[in-house]
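Visitor: Coordinates only, no sequence provided:
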């Protein structure tokens, strides 16, 4: 089994591409979705997060606004949260890989793939990209998003141009949904042929 990483900066369309891959029958591990489970109602990480960041959890799980305020712009606090979250996500990823070990290939959807150096353990990297103006338009349309917050998020992420240079495969989402879906189908056929050798 080969393991490919799927990544892309905020607003590039990575989640849409991941959904298309699933519709093509590709097992996709979603790191963000796993975090939501771990931090949701009854989530396994709630006690540790509440102990480190008092007042940020409740019956509905993590209060994302409160936790975000506690860590956003505070590198030391962000690292403390990552030290809680990352090991649990890695354990879930190992379980996913065991469950799908008979497949030709799987995809790990990891937003901060380059930032966390996770690409080093993969067979290849798929980068989702779009023009900067379209990225900005998509992100600023999100509830609660501001231009300042968008700039701060982008500043923390590896630049899109650098991601594209380091990619093994690129999916461009700047055109139509149909065009993106066609690219995804070609990619699945390509990866299936490579792993079939």
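Guide: Now that the structure is in, tell me what you want to look at. Keep in mind it's a predicted model, so treat the numbers as computed, not measured. Numbering: from 1, shown residues only.

Visitor: how much space between the nearest residue to residue 140 once chain neighbours are set aside and residue 10?
Guide: Take residue 140 and drop its neighbours on the chain: the residue closest to it by Cβ to Cβ, 6 or more residues apart in numbering is residue 150, 6.2 Å away. For the C-beta atoms, the positions are set from N, CA and C on the backbone; glycine is no exception. Look at residue 150 and residue 10: by Cβ to Cβ, to the nearest Å, they are 8 Å apart.

Visitor: got the buried residues for the helix or strand containing residue 154?
Guide: Assessed by DSSP states H and E, residue 154 sits inside helix 147-156. Buried residues in helix 147-156, counted by 16 or more other Cβ atoms under 10 Å: 150, 154.

Visitor: Stretch 72-80 too?
Guide: By 16+ other Cβ under 10 Å, the buried positions in stretch 72-80 come out as residue 80.

Visitor: Not counting its own residues, what contacts the longest helix along the chain?
Guide: If you go by DSSP state H, the chain has its longest helix at helix 75-99. Helix 75-99 is contacted from outside by 1, 3, 27, 29, 31, 34-35, 38-39, 44-45, 48-49, 52-53, 67, 70-72, 106, 108, 116, using Cβ atoms under 8 Å, 6 or more residues apart in numbering.

Visitor: same deal with stretch 153-165?
Guide: So stretch 153-165 is contacted by 7-10, 12, 112, 114-115, 127, 129, 132, 135, 139, 170 (Cβ under 8 Å, 6+ apart).

Visitor: for that stretch, the distance to its chain's centre please.
Guide: Offset of stretch 153-165 from its chain centre (Cα atoms, centre = their mean, to the nearest Å): 14 Å.

Visitor: from the contacts of stretch 153-165, which ones fall inside strands?
Guide: The strands, defined by DSSP state E, take in 7, 127, 129, 170 from the contacts of stretch 153-165.

Visitor: you'd agree the first one is up against residue 113?
Guide: It refers to residue 7. Yes: assessed by Cβ atoms under 8 Å, residue 7 is found in contact with residue 113 at 3.8 Å.

Visitor: what is in contact with the two at once?
Guide: residue 125.

Visitor: No more questions from me, cheers.
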